[in-house]
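[1] generate a structure from the sequence data that follows.
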Amino acid sequence: MNFVQPIREIEKIEEFKSLLKERSQRDYFLFFMGINTGLRISDLLPLKVKDVKNKTHITITEEKTGKVKRFPLYTIQEEIAAYIKGMRDNSYLFPSREKNNGVRPISRHQAWKILNDVGKTLGMDSIGTHTLRKTFGYHFYQKYKDIALLQELFNHSAPSVTLRYIGINQDMIDVAMKEFKL
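    Numbering: from 1, shown residues only. Okay, here's the model as predicted:
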């Protein structure tokens, strides 16, 4: 498994969104939801329209940890409403187009392929499904500098785990080593 990075530059996020939007509204919305909620791909893919329709919060049981998580949707309610318009309540938010008429969500591998292909098109390495969660975490940390809250959001065991996960430790190492020479 390759180590993926967050998308650190806002301009790159916008390029990513723009290219995805040209290709597929579903794929764009997957990226949008991922970078705005910080949910793992395994928790995003099984979501159905009824899970987010007219809701102020998502309540899920995390697949990885088994813990119940409640996450606010305030800032993205408008985008959710626009995306799900005309979709049935029981439909998956990210339906597969493969021979099953949308009765299953896209696979984790398909999500990776979508994101990785766009990353390569934009000249970005180290892009995968965790990029969504890491991008959320990186920008949340840059805005609020509240590692304890981010650690809680991610259900991580220690602040150091969260900092390493979102690439802040690597950024600090890069800055420190940029001018260091004996």
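
[2] from Thr129, how far off is Phe71?
    According to C-beta to C-beta, to the nearest Å, Phe71 and Thr129 sit 18 Å apart. Backbone N, C-alpha and C define where each C-beta goes, glycine included.

[3] the two: which has the busier surroundings?
    Thr129 (23 against 14; other C-beta atoms under 10 Å).

[4] any figure for the gap between that one and Val103?
    Following C-beta to C-beta, the distance that separates Thr129 from Val103 is 22 Å.

[5] likewise Asp27?
    Relative to Val103, Asp27 is positioned 19 Å away (criterion: C-beta to C-beta).

[6] same question, Ser96
    Between Ser96 and Val103 the distance is 8 Å, computed by C-beta to C-beta.

[7] for Phe32, same thing?
    The gap separating Phe32 from Val103 is 23 Å, by C-beta to C-beta.

[8] these two: which has the busier surroundings?
    Regarding Phe32 and Val103, a neighbour count based on other C-beta under 10 Å identifies Phe32 as having more, with 21 against 11.

[9] list the helices and strands the host helix or strand of the more buried one packs on?
    When elements are defined using DSSP states H and E, Phe32 is found to belong to helix 25-37. Under the contact criterion of 3 or more C-beta pairs under 8 Å, 6 or more residues apart in numbering; DSSP states H and E, the helices and strands touching helix 25-37 comprise helix 10-23, helix 41-44, helix 77-84, helix 108-121, helix 130-144.

[10] quick check: buried residues in the helix or strand following the last one?
    This points to helix 130-144. The element immediately downstream of helix 130-144 (helix or strand, assigned by DSSP H and E) is helix 147-154. Buried residues in helix 147-154, counted by 16 or more other C-beta atoms under 10 Å: Ile147, Leu150, Gln151, Leu153, Phe154.
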